[in-house]
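[1] Kindly generate the corresponding structure for this input.
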Amino acid sequence: MKLSDRRDLHALLSATVDGTLTEEKTTELAGLLRSDEEVRRFYIRYLDMTAALSDAGPLPAVADRPRGLWAAVGASVAALSLLAAVLLLWVGAGGGPGGGLRNGGGGPVSLVTDAAEATRSLGYVATIVAVSDNTLLNDRPVSTGTRMLPGPCVLRAGTVTVQFDGGARVFFDGPAAFTLRSRRTMAVHRGTFVFRGDQFSESIEIVTPHSVFKNIGTRYAAVVDADGEELHVAEGAVRRTSGPTARSATEEWIAAGAGMRFGAGNGVRESIPIDAALVARPLETASPEVRDDVPVVVDDFRGEEHEIAKLQSGSGWSEAWRSRRGAMRIVRPGLAGPGSVAVRHDGSGKPPGERRSAAHRQFKKPLDLSQDGIHYLRFFVRRGPQPGNDEHRATVVLRARGLSTEEELEQGALIQIMLRKDDAAMVRVADALTRVSFPQSPGETYAVVAKIVSGRTNPEQVLVRLMSADRLADSEEPTEWSVVSESVSTDMVVDQLSLECVSATWIEFGDICIGSTWDSVTKPVRER
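    Purely as a prediction, here's the structure:
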């Protein structure tokens, strides 16, 4: 997004929030939304942030009509109409292709509606962390690890546990119907669910046809149907808001140990015994066994070469390693236990211009990230002490061979996973850069596992987990990741992996694996 567009967008969004946006400016805002994916992402985040900053009470909503983004901030009917008009202009002009799920076995799972299209720019908001053997979500089986975009879902059979990116989990027992709206809001149209959150989780609003529930560090369960709903609170408290209009809305707090039944239309309200068995249901259920535990690309750097250039170790590659910038040497012992080897960059005592090194190798089969799927990349890394303000950067790059750096950024054909000075961990997907602080000890060996979510119609995303290398064996796919990139829409096809170092001291890389499951990249190479 250009700086001038950003300034214009700020002014337009401010006027939207104030309710002073004119018809001419509405058309201008719609034009910006049509023109730029980044503008659309910024637009939705701005509205979502405005809602999150407000303390106004939530308004009730019916199940078959999406609750307006302004409901959370108590905006006027005029503001709602204005927002709808802008979204209609955007969608009608060919806005984003819609919400959905992404798994490794096929296309989008969720249904596509105008509401899902309008919220697509929020990016992924949740992950499926458990399913039963007979789960059918939108008439398709799904697996754990599936990332979820905003959009409606129908659970025909089985069970599913959804974890929001903010930490809270919701377990559904089919049949059920629900809609993800953002990382802090969902609608439950019908069915039975169990909610679990704690003081470290973001609060989640759950909108039903009769109420709006908000947890306060809570474990609770609810049953929602056409006649009303039951609420059973086991821990913490639940704030319930109800009422046919904002003016007549009522609010109450339901504490732990209470059970309540609410009739449709706010007509009945009575205490009932808490259903302890329902609230105690486990949120993790058996998942289909995943048998694909063999990586498609692997390299342990074994061979007769003393430098990485011309080394032909491993499998899944179409050529030997190439290295024209600086020498990366093969050293022992390596990072993957006894008998392993590693690749070492050493800039000690060298002038600044010689403190860089890089090596590149092409895959036998490109990774087509324009198609639906999930890929996992794992490598070991160890860095020496950081001298002064040195960059001290270790980077693994997935890219399209033959493109310049400028062309990579322009075409969005680039994924970088980077550890650098000041304990920073960074991920770049196309032109979107995400940075977090992650304490790292000099001389410690770390396992880095990246989960790459790709899609034909939905955006791409990279999730990265850093852990001590001795914790990798027998580990399970995490529900919380060290770094989560932005969701970026690209048609990326990568066919090359690069190792890049910039440091006045030493950096080492160990075994590299690429596979389709967590297990396929977390077993030590020597055990295959």
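
[2] Would you mind measuring the gap between the ends of stretch 458-478?
    22 Å (Cα to Cα, to the nearest Å).

[3] center of this protein, which residue is that?
    For the chain, the residue nearest the mean C-alpha position is Tyr124 (5.0 Å; Cα atoms, centre = their mean).

[4] For the residue nearest to that one when sequence neighbours are not counted, grab the count of nearby residues.
    Once flanking residues are discounted, Tyr124 sits nearest to Arg147: 4.6 Å by Cβ to Cβ, 6 or more residues apart in numbering. Every C-beta, even on glycine, is put in place using the N, C-alpha and C of the backbone. Arg147 has 24 neighbours, counted by other Cβ atoms under 10 Å.

[5] give me the beta-bridge partners of Arg147?
    Counting by DSSP bridges, Arg147 forms beta bridges with Arg102, Thr127.

[6] Was I right to think it contacts Thr127?
    Yes. Here Arg147 lies in contact with Thr127, judged by Cβ atoms under 8 Å, at a distance of 5.7 Å.

[7] circling back to that earlier point, give me every residue that touches the residue nearest to the centre of the chain.
    102, 147-149, 165, 453, 459, 461, 487 (Cβ atoms under 8 Å, 6 or more residues apart in numbering).

[8] try it again with 10 Å
    99, 101-102, 147-150, 165, 180, 183, 453, 458-461, 463, 484-487 (Cβ atoms under 10 Å, 6 or more residues apart in numbering).

[9] Any stretches of the stretch 1-150 of the chain with poor pLDDT?
    Within the stretch 1-150 of the chain, the segments meeting pLDDT under 70 span 1-7, 16-21, 23, 34-38, 40-122.

[10] hmm, try it at 80
    1-122 (pLDDT under 80).

[11] now do the stretch 351-500 of the chain
    404-412, 456-457.

[12] Am I right that Ser14 is in a strand?
    No. Counting by DSSP: H, G, I helix; E, B strand; the rest coil, Ser14 is located in no strand; its state is helix.

[13] Please identify the buried residues of stretch 123-138?
    123-132, 135-138 (16 or more other Cβ atoms under 10 Å).

[14] quick one: terminal-to-terminal distance for that stretch?
    20 Å.

[15] same check, this time on stretch 194-214
    Start-to-end, stretch 194-214 (Cα to Cα) is 13 Å.

[16] quick one, strands of the stretch 401-528 of the chain?
    Using DSSP state E, counting those that start in this stretch, the strands of the stretch 401-528 of the chain run over residues 414-420, 424-429, 432-437, 445-454, 461-468, 483-484, 493-502, 506-515.

[17] Pull the distance from the second one to the chain's centre.
    Spelled out, it's strand 424-429. Computed by Cα atoms, centre = their mean, to the nearest Å, the chain-centroid distance of strand 424-429 equals 14 Å.

[18] That strand pairs with which strands, and in what direction?
    Using DSSP bridges, strand 424-429 pairs in its sheet with strand 414-420 (antiparallel), strand 432-437 (antiparallel).

[19] tell me the angle it makes with strand 461-468.
    150 degrees (axes from the mean of the first three to the mean of the last three Cα atoms, to 10 degrees).

[20] roughly how far apart are the closest residue to Val188 other than its chain neighbours and Val154?
    Distances taken as Cβ to Cβ, 6+ apart place Phe178 nearest to Val188, at 4.8 Å, with adjacent residues excluded. Distance of Phe178 to Val154, given as Cβ to Cβ, to the nearest Å: 8 Å.
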